[in-house]
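K.L.:
Give me the fold of what follows.
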Amino acid sequence: MKKTINNESDNKIDSNIILMRFLATVCMFIANFAYFFETLNFSFLVRFLASIAAPLFLFIFGYCSEMAFRNYHFDFKYLLKRVAQFALCAMFLDIVYWEIYPFQNGDILYTYIFSAIMLYVLLRHSIRVKFLTLLVFLLISLVVYKFVNYEFDINYLVLNGQYPDIPFLIKMALNNLFFTGWFPFLIWGVFPVAGLFVASTRSFVIHKTRLRWATLGFTLMCCIVLFDTFINLKFNQDRRKNNIELFYPLAWNCVLFFLALVYVVFDFLALIKIKHSLLKYFKIRHGLLIYVLHFFVLSILYQSLGKIVLRENLIVLLAIGAFICVHFLLVLFDFVSKRYTKNSHV
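P.N.:
Next up, the predicted model:
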């Protein structure tokens, strides 16, 4: 028996996801531009914006996986396709851009790979199993934070033409992918699971007005309380080289804060009414391509402006300008390719 979905809810949810992905992409540009154009100090606001990109992206991935599964798009063939896309893009960036051996830095694309496999399994289980998995990941984040000795400058092997020590390479890769990399799966895996759980319960909550406002109110209260985690952070705290995020390592209370924050952002976006004709300008197309391209755009700009000490506001404006240019070019590419395809069938 085929599942049916409320079209009105789907359209509203789609608009939420479009706006969240747009916000996450802008924050990603700001974060990585700040990584390159490092200044002596960044304001709390810029560091905060740079910190929310990854949680938003991973939450959206889990949420959209549930929606795709409802429409019978998340089968094993789809899983293999997505894993292959993430793996090829991640390895391409490692080899061509970072000039290191693949699977060494714990890039977020590797977290996507493990998340896709985990979500494929969870999608076929009940909401109770999804909730228990969410609790397990919260527990894991606490354990990893307490017992893993984080290295604030990640160690990885650079491509130098020499044959690497394979056992050492594998050991380092596993350590960075699961424990101490940029986005270790055992900590960051909580966000796609949270997105999956919210999507699973959304159809019930969204039609219960009191429950919806109670959930939003409680989450907002938790978010405000947990915000103290960041207020108490010192700006001269130890952090990995050139990174401006408000964490590293990502402590369990930071995980809770971001979970609450993402849900609050998601639900508040549901209250924003944007005409369908305007949503197309916010829709992010070819997300993986944007992720790959923005590193090379960064590299070109850094080669031209890297020797100039830019102020924080100029770095942010440069990041937003680069995002608009890349976004516009891909929209234009889509438009031209559709026109060409349409004319070729005439």
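
K.L.:
hey, let's count contacts and neighbours off CA atoms from now on
P.N.:
OK.

K.L.:
List of residues touching the helix or strand hosting Y78?
P.N.:
Using DSSP states H and E, Y78 sits within helix 76-92. Contacting residues not belonging to helix 76-92 are listed as P102, F103, D107, L109, Y110, Y112, I113, A116, I117, Y120, L288, V292 [C-alpha atoms under 8 Å, 6 or more residues apart in numbering].

K.L.:
For it, buried residues please.
P.N.:
By 16 or more other C-alpha atoms under 10 Å, the buried positions in helix 76-92 come out as L79, R82, V83, F86, A87, C89, A90, M91.

K.L.:
Most widely separated two among the contacts of helix 76-92?
P.N.:
Farthest apart among the contacts of helix 76-92 by C-alpha to C-alpha are Y120 and V292. That separation is 24.9 Å.

K.L.:
Show me which of these two is the more surrounded one.
P.N.:
Neighbour tally, Y120 and V292, criterion other C-alpha atoms under 10 Å: the higher count belongs to Y120, 18 against 15.

K.L.:
thought that one was touching A68?
P.N.:
No: contact criterion C-alpha atoms under 8 Å: Y120 and A68 do not qualify, at 10.9 Å.

K.L.:
shared neighbours of these two, which are they?
P.N.:
With contacts defined as C-alpha under 8 Å, 6+ apart, the residues adjacent to both Y120 and A68 are F74.

K.L.:
contacting residues around the residue nearest to the spatial centre of the chain?
P.N.:
Nearest to the geometric centre of the chain sits F57, at 2.7 Å (C-alpha atoms, centre = their mean). Remark: with contacts taken as C-alpha under 8 Å, 6+ apart, F57 is in contact with R21, A24.

K.L.:
separation between it and Y340?
P.N.:
When C-alpha to C-alpha, to the nearest Å is applied, the distance between F57 and Y340 equals 32 Å.

K.L.:
now swap in L174 and tell me
P.N.:
Using C-alpha to C-alpha, one obtains 45 Å as the distance from L174 to Y340.

K.L.:
just L278 next, same as before
P.N.:
Spatial separation of L278 from Y340 under the definition C-alpha to C-alpha is 24 Å.

K.L.:
and for the helix or strand where V225 lies, what are the contacting residues?
P.N.:
In this assignment (DSSP H and E), V225 forms part of helix 209-226. Contacts with helix 209-226, where a contact means C-alpha under 8 Å, 6+ apart, come from V205, I206, N253, C254, L256, F257, F258, A260, L261, Y263, V264, D267.
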